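Asker: I would like the atomic coordinates for the input below:
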Amino acid sequence: MPRSVRVRSELISEVKSALLRNGYVRQTDLAEYLQISQSTISSFLNGRPVDYLNFLEICRALGLEWQKLADLKLESEKDELPSSITRTILENNKETQETSSSHFCLEHPSGQVPLDSAFYIKRSPIEERCYEQIHKPGALIRIKAPRQMGKTSLLARIIEQANYQGDSTTVLDFQLAAQDIFRNLDKFLRWFCASVSLSLNIPNKLNDYWDLAEIVGSSMACKAYFEEYLLPTINKPLTLGLDEVDKVFEYPEIYRDFFGLLRALHEEGKRREIWKKLRLVIVHSTEIYVPLDINQSPFNVGLSVELTEFNSKQTLDLAQRHQLDWSKTDVEKLMALVGGHPFLVRLTLYHIANMDVTLTQILQNATSSSSIYADHLRHQSIILKQQPELLEAMRNVVHNNFAKLSTVDKFKLHSIGLVKLYGDDIEARCNLYHEYLQIYL
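Answerer: Here you go, the predicted model:
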């Protein structure tokens, strides 16, 4: 049984015309109707392989006969789709939905939301703008949001989109780099180049290029490594995701030159063909509180994306995906406690759907040691305890003593997700945090 199926090349134009004929003006309209990724729809329409269940579902939505369209020679010329699966997918919508609900499976919220998750909530038009941008030569996308707001999940979907369009892709998470890596710029840039090589499965040839560092500096050696070796070797666009770049802010001996280098590489993409192949996605948790020359910063160019909290409509949608029969009143009660914080909303809905607890019990017991939030709140308090200056800053927030807060402290508290910033004003991100910290502090 083949895992993937694609549209026969001679029928691609017929498939594309069926999109408009069935009332789907954009690919994203069909993707939203079927609750599958836009990149899967794009692959289907352009004759690239897609999962056979998705293939059959898209054909049904477009009123097309899958047997006529399918090229089944991807993995086995002898395999055929089982008739039982065919019948299931081609039946009417009601029966399909009943089949899906029988396979409903909860998903504990932890880290990145999987690419195939039914619990990923789009924050349109953010996704669509990112997918459009990453298609452009020399693209640069900046994603900003506090911890646990969905940055890495969005990054993963941008990377998936880049994969579908044929790019080489890789993601570097700066939080995973050893402390010693940040000792000086030379060591850091060697790690940077070597990590990209390793993730792309390309032999490390740093020594062939790093002799230049003694003469022209490490930044130029890094640039030469990409320009003369990495990009020509892969011979196709490279989409490079840089996650948690805030880590670099802590090292003055590194951040100016590194961020200046990223800006320079982006500018090169406007002039030279080789650098048009590099597409950057930079992810960070807070405002840029380190001094950077406006002409050497990558944080004021490209597409800027700021992830916000879920609104009430999105929260209700997520509750329904957890098969909870919630009203707007239920949503309002939850949001009065945790706002639209994506992680806290998902955590709440998971435990209620799993019948661990009721919404009423949660509201009555939110900050206790037996609460579903206890581990999360304890983790936040540990972060504060490890950084006494932030502990004191948060105490000032809780007691409305904003005069004692430095700009750096404000941004760091925002980065870990404990506060909201409104210009010069600041407050606890949600009532749950405010109530807990009043006790803890």
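Asker: flag the shaky bits of the stretch 201-350 of the chain, pLDDT-wise.
Answerer: Within the stretch 201-350 of the chain, the ranges that satisfy pLDDT under 70 run 289-290.
Asker: show me where it has strands.
Answerer: 238-243, 278-284, 303-306 (DSSP state E, counting those that start in this stretch).
Asker: need those in a markdown table (columns: mean neighbour count and distance to Ile382).
Answerer: The C-beta positions use only the backbone N, C-alpha and C, and glycine is treated the same way. Shown next, in a markdown table, are the strands of the stretch 201-350 of the chain (neighbours: other CB atoms under 10 Å; distance: least, CB to CB, whole Å):
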| stretch | mean neighbour count | distance to Ile382 |
| --- | --- | --- |
| strand 238-243 | 22 | 22 |
| strand 278-284 | 24 | 22 |
| strand 303-306 | 15 | 27 |
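Asker: out of the ones you listed, the one nearest Ile362 is which?
Answerer: Closest approach to Ile362 among the strands of the stretch 201-350 of the chain (CB to CB): strand 303-306, 28.8 Å.
Asker: can you put the strands of the stretch 201-350 of the chain in a markdown table and add distance to Leu189?
Answerer: Below are these laid out as a markdown table (distance: least, CB to CB, whole Å):
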| stretch | distance to Leu189 |
| --- | --- |
| strand 238-243 | 13 |
| strand 278-284 | 15 |
| strand 303-306 | 25 |
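Asker: what's the burial count for the nearest residue to Trp66 once chain neighbours are set aside?
Answerer: In space, and not counting its chain neighbours, Trp66 is closest to Cys59: 4.1 Å by CB to CB, 6 or more residues apart in numbering. Around Cys59 there are 23 other residues, counting by other CB atoms under 10 Å.
Asker: surely Cys59 meets Gln67?
Answerer: No - Cys59 sits out of contact with Gln67 when judged by CB atoms under 8 Å, with a separation of 9.1 Å.
Asker: can you give me the helices for the stretch 1-150 of the chain?
Answerer: Secondary structure of the stretch 1-150 of the chain, counting by DSSP state H, counting those that start in this stretch: helices at 12-21, 27-34, 38-45, 52-62, 66-69, 83-90, 93-102, 126-133.
Asker: ok so, going back, for the residue nearest to Trp66, give me its contacts.
Answerer: Contacts for Cys59 (CB atoms under 8 Å, 6 or more residues apart in numbering) come out as Glu65, Trp66, Leu69.
Asker: so the first one versus Ile58, what's the distance?
Answerer: This points to Glu65. Between Glu65 and Ile58 the computed distance is 12 Å (CB to CB, to the nearest Å).
Asker: the more surrounded of those two?
Answerer: The residue with more neighbours, out of Glu65 and Ile58, is Ile58; 27 against 10, by other CB under 10 Å.
Asker: who are the contact partners of that one?
Answerer: Applying CB under 8 Å, 6+ apart to Ile58 gives the contacts Leu30, Leu34, Ile36, Thr40, Ile41, Phe44, Val50.
Asker: which among these end up buried?
Answerer: Leu30, Ile36, Thr40, Ile41, Phe44, Val50 (16 or more other CB atoms under 10 Å).
Asker: so what pLDDT did the residue nearest to the second one when sequence neighbours are not counted get?
Answerer: Residue nearest to Ile36 in three dimensions, not counting chain neighbours: Asn54, with 5.7 Å by CB to CB, 6+ apart. The model reports Asn54 with a pLDDT of 81.
Asker: same question for Ser83.
Answerer: With respect to pLDDT, Ser83 scores 42.
Asker: still on that earlier bit, relative to Leu418, how far out is the residue nearest to Trp66?
Answerer: The gap separating Cys59 from Leu418 is 48 Å, by CB to CB.
Asker: just checking, what packs against the top helix by length along the chain?
Answerer: When the chain is parsed with DSSP state H, its longest helix is helix 252-268. When contacts are defined as 3 or more CB pairs under 8 Å, 6 or more residues apart in numbering; DSSP states H and E, helix 252-268 packs onto helix 185-199, helix 218-225, helix 246-249, strand 278-284.
Asker: give me the contacts around it.
Answerer: Looking at what lies outside helix 252-268 - CB under 8 Å, 6+ apart - the contacts are 138, 140, 182, 184-185, 188-189, 192, 218-219, 222-223, 226, 242, 248-249, 275, 278, 280, 282, 290, 292-293, 295-299, 301-302.
Asker: ok now it, how far from the chain's centre?
Answerer: 23 Å (CA atoms, centre = their mean, to the nearest Å).
Asker: now Ser153. Nearest residue, chain neighbours left out?
Answerer: In space, Ser153 is closest to Val113, 4.2 Å off (CB to CB, 6+ apart).
Asker: I should have written Met149 there, sorry.
Answerer: Counting by CB to CB, 6+ apart, Met149 lies nearest to Leu307, which is 4.8 Å off, once chain neighbours are set aside.
Asker: okay, now that neighbour: neighbour count?
Answerer: Neighbourhood size, Leu307 [other CB under 10 Å]: 16.
Asker: what does Ser297 give?
Answerer: Ser297: 17 surrounding residues under other CB under 10 Å.
Asker: ok, it to Ile58 distance?
Answerer: Distance check for Ser297 against Ile58: by CB to CB, it reads 43 Å.
Asker: kindly report the same for Leu349.
Answerer: For Leu349 relative to Ile58 (CB to CB), the value is 29 Å.
Asker: could I get the helices and strands packed on helix 252-268 as JSON lines with distance to Ser368?
Answerer: Output for the helices and strands packed on helix 252-268, formatted as JSON lines (distance: least, CB to CB, whole Å):
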{"stretch": "helix 185-199", "distance to Ser368": "43"}
{"stretch": "helix 218-225", "distance to Ser368": "51"}
{"stretch": "helix 246-249", "distance to Ser368": "32"}
{"stretch": "strand 278-284", "distance to Ser368": "34"}
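Asker: out of those, which comes closest to Ala178?
Answerer: When the helices and strands packed on helix 252-268 are compared (using CB to CB), the closest one is helix 185-199, at 8.4 Å.
Asker: dump the residue contacts of the residue most central in space within the chain.
Answerer: Central residue of the chain (CA atoms, centre = their mean): Leu154, 2.0 Å from the mean position. Counting by CB under 8 Å, 6+ apart, Leu154 touches Ile126, Glu127, Cys130, Ile143, Val305, Leu307.
Asker: what's the closest non-adjacent residue to the third one?
Answerer: It refers to Cys130. Of all residues beyond its chain neighbours, the one nearest Cys130 is Ile158 (5.1 Å), with distances taken as CB to CB, 6+ apart.
Asker: over to that neighbour. Which of the three states is it?
Answerer: For Ile158, the assignment made with DSSP: H, G, I helix; E, B strand; the rest coil gives helix.
Asker: ok, now Ala366?
Answerer: The assignment at Ala366 comes out as coil when based on three-state DSSP.
Asker: pull up the gap between it and Glu160, please.
Answerer: 36 Å.
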